[in-house]
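Participant: Sequence and predicted structure are below.
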Amino acid sequence: QVQLVESGGGLVQAGGSLRLSCAASGRTFSSYAMGWFRQAPGKERELVAAISWSSGSTYYKDSVKGRFTISRDNAKITVYLQMNSLKPEDTAVYYCAADTLPDSDLMGPYNYWGQGTQVAVSS
């Protein structure tokens, strides 16, 4: 089992910044990748960014490239999402997820999920 706990969400004005954190515990030694997803009201959940535990390779959704940065601290088993130049369309519930399945890649599938943290960006 893997437990994921997100923190760092909140309300920010457009152009501002937030940093999300995801602390992982449990059998994370076999985790291939960690990802940040988001889901806005009335929309499907989408993968925003992902990172490989071992290689550090990353993936970013086109709309966040250059604004968001995903990083990891292997010692703390924590993944971060630094979000800069936030826009109202970034408003969503952000979820941390872990991919512990074999033969997967940064796109998943992801099989463990955190509870989510709300990010609201005002115009």
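Facilitator: That came through, no problem.
Participant: Report the mean confidence score over stretch 14-33.
Facilitator: In this model, stretch 14-33 has a mean pLDDT of 86.
Participant: isn't Q115 right next to E6, touching?
Facilitator: Yes - Q115 lies in contact with E6 (CB atoms under 8 Å); the separation is 6.8 Å. (C-beta placed from N, C-alpha, C; glycine too.)
Participant: what's the overlap in contacts for the two?
Facilitator: Both Q115 and E6 are contacted by Y95, under the criterion CB atoms under 8 Å, 6 or more residues apart in numbering.
Participant: ok, the two, which is more surrounded?
Facilitator: E6 (22 against 10; other CB atoms under 10 Å).
Participant: List the residues that contact the closest residue to T58 other than its chain neighbours.
Facilitator: With CB to CB, 6 or more residues apart in numbering as the measure, I51 is the residue that lies nearest to T58, at 5.0 Å, once sequence neighbours are left out. I51 makes contact with 33-35, 57-59, 70-72, 79, 106, according to CB under 8 Å, 6+ apart.
Participant: Tell me the spacing between the residue nearest the centre of the chain and A24.
Facilitator: Closest to where the C-alpha atoms of the chain average out (CA atoms, centre = their mean) is W36, at 1.9 Å. Computed as CB to CB, to the nearest Å, the W36 to A24 distance reads 13 Å.
Participant: Can you pull the residues that touch both of those two?
Facilitator: Common contact partners of W36 and A24 (CB under 8 Å, 6+ apart): 79, 96.
Participant: are any of the contacts of I51 buried, and which?
Facilitator: Burial by neighbour count, judged by 16 or more other CB atoms under 10 Å, picks out 33-35, 59, 70, 72, 79, 106 from these.
Participant: Need the contacts of I51 in JSON lines (columns: distance to R19).
Facilitator: Supplementary listing: the contacts of I51 in JSON lines, determined by distance: CB to CB, whole Å:
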{"residue": "A33", "distance to R19": "20"}
{"residue": "M34", "distance to R19": "15"}
{"residue": "G35", "distance to R19": "16"}
{"residue": "S57", "distance to R19": "21"}
{"residue": "T58", "distance to R19": "16"}
{"residue": "Y59", "distance to R19": "19"}
{"residue": "I70", "distance to R19": "11"}
{"residue": "S71", "distance to R19": "10"}
{"residue": "R72", "distance to R19": "13"}
{"residue": "V79", "distance to R19": "11"}
{"residue": "L106", "distance to R19": "21"}
